[in-house]
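# Generate coordinates for the sequence data below:
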Amino acid sequence: MAKKKFIVVAADRKGGHLAGTEEAEELAKVNAELVIANCGNESEIIEAAKNADVVITGGAPMTRRVMEALPACLAIVRYGVGYDTIDVPAATDCGIIVVNIPDFCWEEVSNHAMTLLLACAKKLAFLNDGTKRGRWRECKQAQAPMVSIWGQTLGIIGCGNIGRATAKKAHCFSLNVLGYDPYLERSIAREAGIKLVSLPELLRQSDFISLHTPLDKSTFHLIGEAELKQMKPGAYLINTARGPVVDEAALIKALQEKWIAGAGLDVFEKEPVDPDNPLLKMDNVVVTPHSASYSDAAFSRLRRSAGSEAARVLSGKWPRNWVNKDVKPKVNLTQGD
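Numbering: from 1, shown residues only. Coordinates of the predicted model:
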């Protein structure tokens, strides 16, 4: 009797994490066919993945409606760490495992956070643009005020793997590191050189604040007008997490009214960012296009890990990482438990 041919659909929006050869190589080991589908809405996902045993996706909306229309689906594998595009409770109700890849980009994102911090502190974007336009003297005259980095305080909100990697790098620049994370054990924070404090204390004491929280109901607009008003007038906000962690309208107001000195942003509430967004017009804001996690090596590792996790599920094994632990009684997987 021929071994069953599994179907794995890589469903994503154009410009997202469309699959490469790494996934196919991993899936071939369990006799699974990889189908790549450009899907931007619920109906397109349902049509592409209606017979899928596993769906791999990045930014495509995996809603309750979608998952209820995928009767064969065992798992959804999310390209990356965050899984805010997936309705996790709905997946659990449907008996679908939600898998993420939490370890592919710690170094890249923490590097990017420090890059934004340094660029803000040294006014790099402003000085670069002015120098290229022949404004040498004007740039030098406009350097002040410029904060120091040595001996300043970095506040990290969300001290998971990426937050702790950022703290390690911050110490190399002689930054003192505070942290806010209600879920982190103090012993782990101490090992990373992070002093855990309350959120208000972190806001008041930090010269730089770097966000590394997941996006969920508890972190939506975690940084709003009240929090921005507690920051130092000379402080900078760095966000490489998710755009909606920050109330963007409040941030724009804070920058316009000089409550804080500036910001380094890799993420926005609406992506792609509106070209008329005031943040793009500000000299004291450094921006990048949600690219903190990227390097060639990291994304190759991400694609291979996504394919490997899908293959594990199809071969009857539990994935190495899954989000919705409550789904376990509903899934008939016994190996690698």
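# Tell me where the stretch 51-200 of the chain has helices.
Taking DSSP state H, counting those that start in this stretch as the criterion, the stretch 51-200 of the chain carries its helices at 64-68, 88-93, 106-121, 124-132, 136-141, 161-172, 186-191, 199-205.
# can you redo these as JSON lines with mean neighbour count, distance to Ile46 and mean pLDDT?
(Glycine included, C-beta is placed from N, CA and C.) Shown next, in JSON lines, are the helices of the stretch 51-200 of the chain (neighbours: other Cβ atoms under 10 Å; distance: least, Cβ to Cβ, whole Å; pLDDT from 0 to 100):
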{"stretch": "helix 64-68", "mean neighbour count": "19", "distance to Ile46": "6", "mean pLDDT": "98"}
{"stretch": "helix 88-93", "mean neighbour count": "18", "distance to Ile46": "14", "mean pLDDT": "98"}
{"stretch": "helix 106-121", "mean neighbour count": "22", "distance to Ile46": "32", "mean pLDDT": "97"}
{"stretch": "helix 124-132", "mean neighbour count": "15", "distance to Ile46": "43", "mean pLDDT": "94"}
{"stretch": "helix 136-141", "mean neighbour count": "12", "distance to Ile46": "54", "mean pLDDT": "92"}
{"stretch": "helix 161-172", "mean neighbour count": "20", "distance to Ile46": "33", "mean pLDDT": "97"}
{"stretch": "helix 186-191", "mean neighbour count": "12", "distance to Ile46": "42", "mean pLDDT": "97"}
{"stretch": "helix 199-205", "mean neighbour count": "17", "distance to Ile46": "41", "mean pLDDT": "98"}
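# For Ile149, which of the ones you listed is the nearest?
Closest approach to Ile149 among the helices of the stretch 51-200 of the chain is made by helix 106-121 (5.2 Å; Cβ to Cβ).
# helices or strands next to that closest one in the packing?
In terms of contacts (3 or more Cβ pairs under 8 Å, 6 or more residues apart in numbering; DSSP states H and E), helix 106-121 is packed against helix 161-172, strand 208-211, strand 236-239, strand 262-265, strand 285-287.
# Run through who's touching the longest helix along the chain.
In the chain, with assignment by DSSP state H, the single longest helix is helix 296-314. Contacts with helix 296-314, where a contact means Cβ atoms under 8 Å, 6 or more residues apart in numbering, come from 6, 8, 17, 19-20, 22-27, 29-30, 32, 34, 53-54, 56, 74-75, 77, 79-80, 97, 99, 101, 104-105, 107-108, 293, 318-321, 333, 336.
# hang on, the earlier thing: out of the helices and strands packed on helix 106-121, nearest to Ala189?
helix 161-172 (8.1 Å).
# just how off-centre is that closest one within its chain?
With Cα atoms, centre = their mean, to the nearest Å as the basis, helix 161-172 stands 16 Å off its chain's centre.
# what helix or strand is the spatially most central residue of the chain on?
Nearest residue to the geometric centre of the chain (Cα atoms, centre = their mean): Ala241, 4.5 Å. Element membership for Ala241 (DSSP states H and E) is empty, with no helix or strand holding it.
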